[in-house]
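Student: The sequence and its predicted three-dimensional model are supplied below.
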Amino acid sequence: MPLVTHPVFASRPSDEFVTQWARHTSTTGHPETFDNVSTSRPQNIEGLVLLSGEIEVPVQKRTDGEDVPCPICSPEKPKFRHGRMAWFPSDQTVQFIGNRCARRHFGDAFTEAEQRFKMVDRLQRLQRRWGALRGNLDDIHEFVQSALPVINGIRTLRQRLDENAPKFASAVYWRLAREDGQITDLVVTGAIDQRGNQQAARVVLGVVEGYEFFEAGLSSSLETARAVAAIEDLGTDLPAWSAEAADGEAEREILARGRAADTALSDIVSMLERAVRCQRILSQQSMATMVTHHALLGLSSLEMRIETNQLIIRAESFEGNHFARELLSTSRAQAPTVPNTIWLLARGSA
Ligand SMILES: [Zn+2]
């Protein structure tokens, strides 16, 4: 086939053009036969723009069954399968070029174009993500409103405990976390080894569910405030931006606000799950296990119970005496089930 040059792209080809070209390529195996794709060697690489990620051409579908010719180094002979669609603004052409070959021949210009492609891709994904979240804002609001009392209730309890019984949480946390809430001890088995020594084995004496309640950082409300603010922000449009117009200011704004919104919902879901786990510390079983085995938690005494909707903790540790009597109020609020739409949205981070 004779080489062709179509200098028709004075401005960046549309996303629609690239999508249709990609479809043509995957069905025919001929990236170079789509309308207005040039097969001649690029003359001027200044301002090179990559329009696609790395594409593997299904060359078995080609009429010749051979590799794709490379406009840069081998315009008339089979050469490669993995390439990128590229726009050469100075030539006003688009060519499908071999990945490795372009890197070798174009050097820094290719590296820069690749970085720009990644940035454009990221911005477009954040825009789409924003649209998806924005389109479900009512459901998101409803879910967040039902999750916040649970998240805040358990955190408030922890904050009060830290105020009234400082260092109690840190005194017990690391021993509980060491074995994921299990309290274990060496217990004499009754067996005697060859040297006549008593045999001992490590035995699980109990499990304290919800021990994450004592973790450092649980009392901070910063993470929640940040996620809630990012969700509120969805009510305000992102600045208009498209890949054709390089607009640094709009791009920085989309990156900052888009990223915050991207993770906000999954953050709230994780906070809710953590709050539900923490609530288990208020179960009879968890409290009784801690009381029974308080010595193994480094406490010389422990009283921990619920009395008329108040949590009472009285303890003595190497840090001194601790006493707290806290109203439970919403600390035991029933958690909402996470609706399916919210699960899907939370997981679909860009
Ligand atoms: Zn080449």
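Tutor: The structure has been received and is ready for your questions.

Student: contacting residues around Pro71?
Tutor: Glu32, Ser38, Thr39, Ser40, Arg41, Pro42, Gln95, Phe96, Ile97 (Cβ atoms under 8 Å, 6 or more residues apart in numbering). (Glycine included, C-beta is placed from N, CA and C.)

Student: List only those of these flagged as buried.
Tutor: Buried residues within these, counting neighbours by 16 or more other Cβ atoms under 10 Å: Glu32, Ser38, Thr39, Pro42, Gln95, Phe96, Ile97.

Student: In this structure the first one contacts Pro69, no?
Tutor: This means Glu32. Yes: judged on Cβ atoms under 8 Å, Glu32 makes contact with Pro69 at a distance of 6.9 Å.

Student: Just give me the residues shared between the contact sets of the two.
Tutor: Thr39.

Student: Return the residues of the protein in contact with the ion.
Tutor: Cys70, Ile72, Cys73, Gly98, Cys101 (Cβ under 5 Å from the ion).

Student: ok so the second one is a helix residue?
Tutor: No: looking at Ile72 with DSSP: H, G, I helix; E, B strand; the rest coil, it is coil, so not inside a helix.

Student: so what's it up against?
Tutor: Counting by Cβ under 8 Å, 6+ apart, Ile72 has contacts Arg41, Pro42, Ile97, Gly98, Cys101, Ala102, His105.

Student: Redo these as a markdown table? Include secondary structure and pLDDT.
Tutor: Converted to a markdown table, the contacts of Ile72 look like this (DSSP: H, G, I helix; E, B strand; the rest coil; pLDDT from 0 to 100):
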| residue | secondary structure | pLDDT |
| --- | --- | --- |
| Arg41 | coil | 95 |
| Pro42 | coil | 96 |
| Ile97 | strand | 96 |
| Gly98 | strand | 93 |
| Cys101 | helix | 92 |
| Ala102 | helix | 93 |
| His105 | helix | 94 |
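
Student: Endpoint to endpoint, stretch 91-108 covers what distance?
Tutor: Across stretch 91-108, the terminal residues are separated by 19 Å (Cα to Cα, to the nearest Å).

Student: Check the offset of it from the chain's centre.
Tutor: 33 Å (Cα atoms, centre = their mean, to the nearest Å).

Student: got the contact list for that stretch?
Tutor: With Cβ under 8 Å, 6+ apart as the test, stretch 91-108 has contacts from 5-10, 13, 25, 31-32, 36-40, 42-45, 48, 51, 54, 68, 70-73, 79-80, 82-88, 110-111, 113.

Student: Filter those residues down to the buried ones and hand me the PyMOL line.
Tutor: Of those, the buried ones go into a single PyMOL selection, burial set by 16+ other Cβ under 10 Å:
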select buried, resi 5+6+9+13+25+31+32+37+38+39+42+45+48+51+68+70+71+72+73+79+80+83+84+85+86+87+88+110+113
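
Student: when you check the contacts of stretch 91-108 against the helices, which ones overlap?
Tutor: Helix and strand membership here follows DSSP state H; of these, those in helices are Thr25, Phe110, Thr111, Ala113.

Student: Closest one of those residues to the ion?
Tutor: Phe110 (11.9 Å; Cβ to the ion).

Student: I'd like the distance between the one residue in the stretch 101-250 of the chain that gets nearest to the ion and Gly83.
Tutor: When scored by Cβ to the ion, the stretch 101-250 of the chain has Cys101 as its residue closest to the ion, at 2.9 Å. With distances taken as Cβ to Cβ, to the nearest Å, Cys101 is found 8 Å from Gly83.

Student: What of Arg195?
Tutor: From Arg195 over to Gly83 the distance is 72 Å, taken as Cβ to Cβ.

Student: and what of Asp193?
Tutor: 69 Å.

Student: mind listing the strands for the stretch 51-200 of the chain?
Tutor: Assigned strands in the stretch 51-200 of the chain, in chain order: 55-56, 68-70, 74-80, 82-88, 93-98, 182-192, 198-207 (criterion: DSSP state E, counting those that start in this stretch).

Student: any weak-confidence spans in the stretch 101-250 of the chain?
Tutor: The model of the stretch 101-250 of the chain has no residue with pLDDT under 70.

Student: Please enumerate the helices of it.
Tutor: Using DSSP state H, counting those that start in this stretch, the helices found in the stretch 101-250 of the chain span residues 108-134, 137-164, 168-178, 222-233, 248-279.
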